[in-house]
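Engineer: Provided below for reference: sequence and predicted model.
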Amino acid sequence: MFLQGSFSTISAAALIQTLCTERRAAQIEAWREKATARICLDEGMVIAAHCEGHEGPEAVFRLISWPDGLFRVVRLPVHVEATMAVPPEELLLEAARRRDEQIG
Amino acid sequence: MFINWALGEINLKIVYYGAALSGKTTNLQFIYARTPANLRGRLISLKTQQDRTLLFDFLQLEIGKVANLKPKFKLYTVPGQVYYAASRRLILQGTDGVVFVVDSQAGRMTENEESWYTMEQHLIELGHDLQTFPIVVQFNKRDLPHALPVQELRRRLPIDGRPCFEASAIKGHGVFDTLKASMNGVVAAVRRAV
């Protein structure tokens, strides 16, 4: 374990972007009440995501909508299988677009 | 601005802002097409109502190092429709400069004025000083028959002393002049700050 904290200190979106910008090979493990999430990052991309029974981009959208929660960042496990390769900006902008269209 | 020590890069963000269909996306598509493939990242495109949100990054080698770091620019467009306010605010977060794209057509001034107003509001909310923040203005669609005179556009928008460029983004005219002015303004602001 090399980093841990609360989403009240840094948002999930900012955490993902920062780790991706630094091109870290890392796994974010997060939990809130009974929900858990796991986001895998490598080479500046989100390469796998699981959250509340969802996988892929939908899992990232779920996590960044959490109003609070705790997280820890660990080294990317060697056995992780990449199921996607999406830049974080693409996921965050898509999440913002969906939110605007729901409101609008 | 984001300093990436591991790669020796300084990431600088420029946002193309303006009303829907003013030509923001056309600007970025032209720049992307003419940037060497080995210097640019992947073009990300998100479909929104009426237009698209684009972004990509590229290494700018001609401008020289900034604080001994290689400058990498990230260019974004915002979705222009009124109800994408949260998206526009998110995109403007952490931006180092803005290119405001004006649609020169006579029937589009209300949209231009509203867009300018929301840009100012977002920048103020994000803590920027409008007097010093690098904003470059592009008068786009100068090739169209109903384009208003530049003096009229200047009169209707609070441009003050900001750099302005006439353009026809669809033909590529003025696109790189605008971009270079914005990059120079951003780098000058960073050099003043560090």
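Structural biologist: On my side now, so go ahead. Numbers count the residues shown, from 1 in each chain, chains lettered A, B, ... in the order given.
Engineer: partners of the lowest-mean-pLDDT helix or strand in chain B in the sheet?
Structural biologist: Ranking every helix and strand in chain B by mean pLDDT, DSSP states H and E puts strand B:2-4 at the bottom, with a mean of 87. Using DSSP bridges, the strands paired with strand B:2-4 are strand B:9-18 (antiparallel).
Engineer: what element comes up after the partner strand heading to the C-terminus?
Structural biologist: helix B:24-33 (DSSP states H and E).
Engineer: neighbours around B:His173, how many?
Structural biologist: 16 (other C-beta atoms under 10 Å in any protein chain shown). Backbone N, C-alpha and C define where each C-beta goes, glycine included.
Engineer: in the sheet, who's paired with it?
Structural biologist: B:Ser168.
Engineer: surely it meets B:Ala167?
Structural biologist: Yes: taking C-beta atoms under 8 Å as the definition, B:His173 is a contact partner of B:Ala167 at 5.6 Å.
Engineer: shared neighbours of the two, anything?
Structural biologist: Counting by C-beta atoms under 8 Å, 6 or more residues apart in numbering or on different chains, the residues touching both B:His173 and B:Ala167 are B:Arg142.
Engineer: Quick check: B:Ile63 vs chain A, distance?
Structural biologist: As judged by C-beta to the nearest C-beta, to the nearest Å, B:Ile63 and chain A stand 20 Å apart.
Engineer: What count of nearby residues applies to that residue?
Structural biologist: 16.
Engineer: who touches it in this structure?
Structural biologist: Counted by C-beta under 8 Å, 6+ apart, B:Ile63 has contacts B:Pro71, B:Met183, B:Asn184, B:Val187.
Engineer: hmm, try it at 10 Å
Structural biologist: B:Leu12, B:Lys70, B:Pro71, B:Phe73, B:Lys180, B:Met183, B:Asn184, B:Val186, B:Val187 (C-beta atoms under 10 Å, 6 or more residues apart in numbering or on different chains).
Engineer: And for B:Gly8?
Structural biologist: Neighbours of B:Gly8 in contact, by C-beta under 10 Å, 6+ apart: B:Lys65, B:Asn68, B:Leu69, B:Lys70.
Engineer: Which of the three states applies to the residue in chain B that chain A sits nearest to?
Structural biologist: Distances between chain B and chain A by C-beta to the nearest C-beta are smallest at B:Tyr83, namely 3.1 Å. State at B:Tyr83, reduced to three classes by DSSP: H, G, I helix; E, B strand; the rest coil: coil.
Engineer: again, but for A:Glu90
Structural biologist: helix.
Engineer: OK, contacts around it?
Structural biologist: A:Met45, A:Val46, A:Pro57, A:Val60, B:Arg42, B:Ile44, B:Ser45, B:Leu46, B:Thr53, B:Leu55.
Engineer: Can I get the buried part of these as one ChimeraX selection?
Structural biologist: A single ChimeraX command selects the buried members of those (16 or more other C-beta atoms under 10 Å in any protein chain shown):
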select /A:45,46,57,60 /B:44,46,53,55
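Engineer: Go through the contacts of A:Glu90 and flag which are in helices.
Structural biologist: Here DSSP state H is the test, and those give A:Pro57, A:Val60 as lying in helices.
Engineer: So which of the contacts of A:Glu90 sit within strands?
Structural biologist: Mapping the contacts of A:Glu90 onto strands (DSSP state E) picks out A:Met45, A:Val46, B:Ile44, B:Ser45, B:Leu46, B:Thr53, B:Leu55.
Engineer: you'd agree the last one is up against B:Lys13?
Structural biologist: Put plainly, it is B:Leu55. Yes: at 9.4 Å, B:Leu55 and B:Lys13 qualify as touching, with contact defined as C-beta atoms under 10 Å.
Engineer: any idea how far A:Thr83 is from A:Thr9?
Structural biologist: A:Thr83 sits 29 Å away from A:Thr9, going by C-beta to C-beta, to the nearest Å.
Engineer: To clarify, my last question referred to B:Arg88.
Structural biologist: Counting by C-beta to C-beta - B:Arg88 and A:Thr9 are separated by 26 Å.
Engineer: Lowest-scoring secondary structure element of chain A by mean pLDDT?
Structural biologist: Scanning chain A with mean pLDDT, DSSP H and E, the lowest is helix A:88-103, at a mean of 88.
Engineer: Mind listing what's buried along that helix?
Structural biologist: Buried positions in helix A:88-103, judged by neighbour count with 16+ other C-beta under 10 Å: A:Pro88, A:Glu89, A:Glu90, A:Leu91, A:Leu92, A:Leu93, A:Glu94, A:Ala95, A:Ala96, A:Arg97, A:Arg99, A:Asp100.
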